[in-house]
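Participant: take a look and give me a structure for this.
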Amino acid sequence: MNWLTDTPHDAQPFLPPGAQWGGAAAPPESTGDAWLSLGHRGPAWQFASAPASEAYPHRTHIIIKDAETSQFSALNEALKQGLSLPDGLVAIALAGQGFRGQRSRRWQALRGNLHLTAYYRIDRPVAELQAGLTMAPAVATVQAIQTLAPSLRPAIKWVNDVLLQGQKVSGVLTATQIHERTVRHAVFGIGLNVDAVPDLPATAFVPAATCLAAHEPALNGKLPQVLQTLIDKLDATVSLLKQGSIGPLFEAYRKGADFLGREVVLWPEDTDTCQEGVVPLAQGRVQALNPDLSLTLEGHDRPLTSGRMAYR
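Facilitator: Numbers count the residues shown, from 1 in each chain. A predicted model of the protein is given here:
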């Protein structure tokens, strides 16, 4: 595995015990495009270790102290430009600016939390994957939290938020590059509050935020362990995608769903607050979650495929 960073002191805890960063130098050709795409023109401190993953023996980790822009957006733009990225690439921002969530909503990138962007080659037909690409990062996040703290009960709020006791602890994103009805590449963005709670105004969509350490103090300061556990779970979900095994992903997503049987209101996607005069798209009790992630609501003849969910 290859590790690159612009902050060897801050990135030291991510290396194996006793390991040290080498001197700063131009990144290897295989990772040069990735380094440049994240906005870095200068040399990188580097470390190479034995493979920790059979599926991605040459995986590259890039750790940036303060990202000047969204790494998720930067890697997607690099793919659009035809740049070459190593399969299984992991980019971590310890803090940063310009980070965005769903529908470009602002995401606070606070130090101590995990801001992960991961790139994978998929090469599977679009029709075969269905909603699996949307489910994968949410399922991986839930499974990682359960592994790190078995006493916690994370839940998925439709379609891409992860909650702890009704409070938002994580949000996930998926973007794809499609060519001739084949998904060639996928980029996943996962923001997970580990140590710090973002200062967010309460809304019907996000009543409150939380972090892992508030529920499991033993996870305070354990960002490297959280990162490795989440990567392991994300690798496993991506493996299912590459095999075309969407059924297990759907069952895991459904098992973690927090909204089944609940009374909900679906608002237009661009709604940030339930203001007077904004008309909801639908409301009612969620009777079923369908494999394409559409919802069957009581009193509605057709499944609902879009909207921003609020609990009643």
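
Participant: shaky segments in this structure?
Facilitator: Flagging of the chain using pLDDT under 70 yields the residue ranges 100-106, 273-276.

Participant: kindly list the longest helix within the protein.
Facilitator: Longest helix of the chain, by residue count under DSSP state H: helix 223-243.

Participant: check which residues of it are buried.
Facilitator: 223-224, 226-227, 229-231, 233-235, 237-238, 240-241 (16 or more other CB atoms under 10 Å). C-beta here means a position set from N, CA and C on the backbone, and glycine is covered the same way.

Participant: residues near the residue lying closest to residue 232 once chain neighbours are set aside, how many?
Facilitator: Distance criterion CB to CB, 6 or more residues apart in numbering; nearest residue to residue 232, sequence neighbours excluded, is residue 144 at 7.7 Å. Per other CB atoms under 10 Å, the neighbour tally for residue 144 reads 26.

Participant: residue 144 is in contact with residue 233, isn't it?
Facilitator: Yes. Applying CB atoms under 8 Å as the test, residue 144 and residue 233 come out as touching, 4.6 Å apart.

Participant: wait, what's in contact with the most centrally placed residue in the chain?
Facilitator: Centroid check for the chain by CA atoms, centre = their mean gives residue 190 as the closest residue, at 2.0 Å. Going by CB atoms under 8 Å, 6 or more residues apart in numbering, residue 190 touches 114, 116-118, 137, 140-141, 170-173, 230, 234.

Participant: doesn't it fall inside a strand?
Facilitator: Yes. Using DSSP: H, G, I helix; E, B strand; the rest coil, the secondary structure at residue 190 is a strand.

Participant: nearest spatial neighbour of it, chain-adjacent residues omitted?
Facilitator: Per CB to CB, 6+ apart, closest to residue 190 is residue 116, 4.6 Å.

Participant: tell me where the stretch 1-150 of the chain has helices.
Facilitator: 8-11, 29-37, 71-80, 126-129, 132-148 (DSSP state H, counting those that start in this stretch).

Participant: relative to helix 29-37, how tilted is the third one?
Facilitator: When axes from the mean of the first three to the mean of the last three CA atoms, to 10 degrees is applied, the directions of helix 71-80 and helix 29-37 differ by 120 degrees.

Participant: which strands and helices lie in contact with helix 71-80?
Facilitator: Applying 3 or more CB pairs under 8 Å, 6 or more residues apart in numbering; DSSP states H and E, we find helix 71-80 packed against helix 29-37, strand 90-93, strand 114-125, strand 167-179, strand 182-192.
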